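Chemist: Next comes the sequence, and after it the predicted model I'd like to discuss.
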Amino acid sequence: MKKRFHELSKIEKKNLKKDYLKTKEGEYVISKLNKVLVIGIIGIAFSLYLIISAYLNNDTVAVYIYSSFLLLCSIFFIVASLIVKKRRLRMFYYNPKVK
């Protein structure tokens, strides 16, 4: 009987990720999720730049609202990509179909 996914050690999870990356589906999904992660990081950096520049230039409240909305969306992108990555690894652990 298999262990539950959350009971795996770090080494077992790394090996599982390597095995998942060897499949075509794993390559495709992880590359897309990494792109979403990068977009989220760029969004956070840009929103922080907007907040700092709005503070220094004494801009209107609209700039703060826009930049905070961008910050929230960027955080959502990062969290969602990590959740989907973990969910895909869990699905692969329980049903390892080689594609």
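Modeler: Arrived safely, thanks for sending. Residues are numbered from 1 along each chain as shown.
Chemist: in the helix or strand hosting Lys86, what counts as buried?
Modeler: Counting by DSSP states H and E, the secondary-structure element that holds Lys86 is helix 61-94. Taking 16 or more other Cβ atoms under 10 Å as the neighbour-count basis, helix 61-94 is seen to contain the buried residues 66-67, 70-71, 74, 77-78, 81, 85, 88-89, 92-93. All C-beta atoms are positioned from the backbone trio N, CA, C, and that covers glycine.
Chemist: Likewise for stretch 46-54?
Modeler: In terms of neighbour count (16+ other Cβ under 10 Å), stretch 46-54 has its buried residues at Ser47, Leu50, Ile51, Ala54.
Chemist: gap between the nearest residue to the last one once chain neighbours are set aside and Leu71?
Modeler: Same thing as Ala54. Taking Cβ to Cβ, 6 or more residues apart in numbering, and ignoring the residues beside it in sequence, Ala54 has Val63 as its nearest neighbour in space, at 4.2 Å. In this structure, Val63 and Leu71 are separated by 12 Å, where distance is defined by Cβ to Cβ, to the nearest Å.
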